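>>> I'll drop the sequence and a predicted model, then ask my questions.
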Amino acid sequence: TKLALYGLSHIKDERLGRLFLDKKVKMLAPDDDKDWFNLLVWHQNRATRGVKNFIPDDTLPKFLDLVIWGHEHDCRIEPEMKTNGVYISQPGSSVATSLAAGEAIPKKIGILKIHKKSFIMTPIELKTVRPYIFDEVVLKELNEMDTEDNGLTYSETTVELVKNKINNMIQEAKQLGRTQKVTQKPLIRLNVKYRDERQLFNTIRFGQTYVGQVANPEDMVKCQPIKNPVRQNKSDVYDMPDIIADRVED
């Protein structure tokens, strides 16, 4: 088996994405490509962070057999074949390095075996990772919130709802910890989508009641306003509808 290993120092994703789209990235392939397994390892944005700030999967050279894609947090280590025939394996981070939704996906490493032009990636789930539970709740409109019967303000009603949600998430984390035989306090993140500022509450003070139960009481809850979608200019996105559609589906 002959292995051709490719790498690339980090380049700003907006610039690199445009270079790939314009076919200005040249990669030297072996003379007899049929006898070589071509593997690219790099560290770039795969997820869409802005309309241009990522590398579209389908712009990768077709002669590549496999891409090990670093930088992204969520684990998608099982190779996925894209429309250009290139397989992509995204290992993700081995521990939670942020409180993003993708970090809650089970962490895995993999053993890669290559024979000529064929390969097998064997995933191995990590069993000693600190439990991390992520969830999201969208608050109702003010006129739909149940505040009259219980005598609570909109803010107090939100606190009760969030408290019940957090308690359930902690129980889920404890169960996950018992399954994996992990004794570390869990990471919890609940994103609260609100429609009116009267639904807000002090998340830091709220988190203090969970000190000793979770690893991150101070940023356990994050409140985010529900925003109206913004229409984008056609000139602001890549002129490749098939690529954008593929990114949305992923």
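Yep, it's here.

>>> going forward, measure contacts between C-alpha atoms and count neighbours the same way
OK.

>>> Report pLDDT for the nearest residue to D58 once chain neighbours are set aside.
If you skip the residues right next to it in sequence, D58 has N84 as its closest partner in space, 5.9 Å away by C-alpha to C-alpha, 6 or more residues apart in numbering. pLDDT, the model's per-residue confidence, is 85 for N84.

>>> can you count the residues close to N84?
Close neighbours of N84, defined as other C-alpha atoms under 10 Å, add up to 14.

>>> I'd say it and D65 touch.
No: taking C-alpha atoms under 8 Å as the contact criterion, N84 and D65 are not neighbours in contact, 10.5 Å apart.

>>> pLDDT weak spots in this protein?
49-51, 142-150, 228-250 (pLDDT under 70).

>>> how about the strands in this structure?
Using DSSP state E, the strands of the chain run over 2-7, 36-43, 66-70, 76-81, 87-90, 108-115, 118-125, 132-138, 187-194, 221-225.

>>> packing partners for the fourth one?
Right, the one you point to is strand 76-81. Applying 3 or more C-alpha pairs under 8 Å, 6 or more residues apart in numbering; DSSP states H and E, we find strand 76-81 packed against strand 87-90, strand 108-115, strand 118-125.

>>> So which residue is smack in the middle of this structure?
Taking C-alpha atoms, centre = their mean, the centroid of the chain lies closest to G102, which sits 3.2 Å from it.

>>> Find the residue closest to that residue in space, skipping its chain neighbours.
For G102, the spatially nearest residue (C-alpha to C-alpha, 6+ apart) is D74, at 4.3 Å.

>>> Look up phi and psi at that neighbour.
Its backbone dihedrals place D74 at phi -80, psi 140, with angles given as degrees, to the nearest 10.

>>> And for E160, the neighbour number?
As a measure of burial, E160 has 12 neighbours, counting by other C-alpha under 10 Å.

>>> Would you enumerate the residues in contact with it?
By C-alpha atoms under 8 Å, 6 or more residues apart in numbering, the contact list for E160 is empty.

>>> For it, give its distance to Q199.
In this view, E160 and Q199 are 11 Å apart by C-alpha to C-alpha, to the nearest Å.

>>> how about the helices in the protein?
13-21, 154-180, 203-208, 241-249 (DSSP state H).

>>> Which among the strands of the chain is found nearest to V214?
Distances from V214 to each of the strands of the chain were compared by C-alpha to C-alpha, and the smallest falls on strand 187-194, at 6.0 Å.
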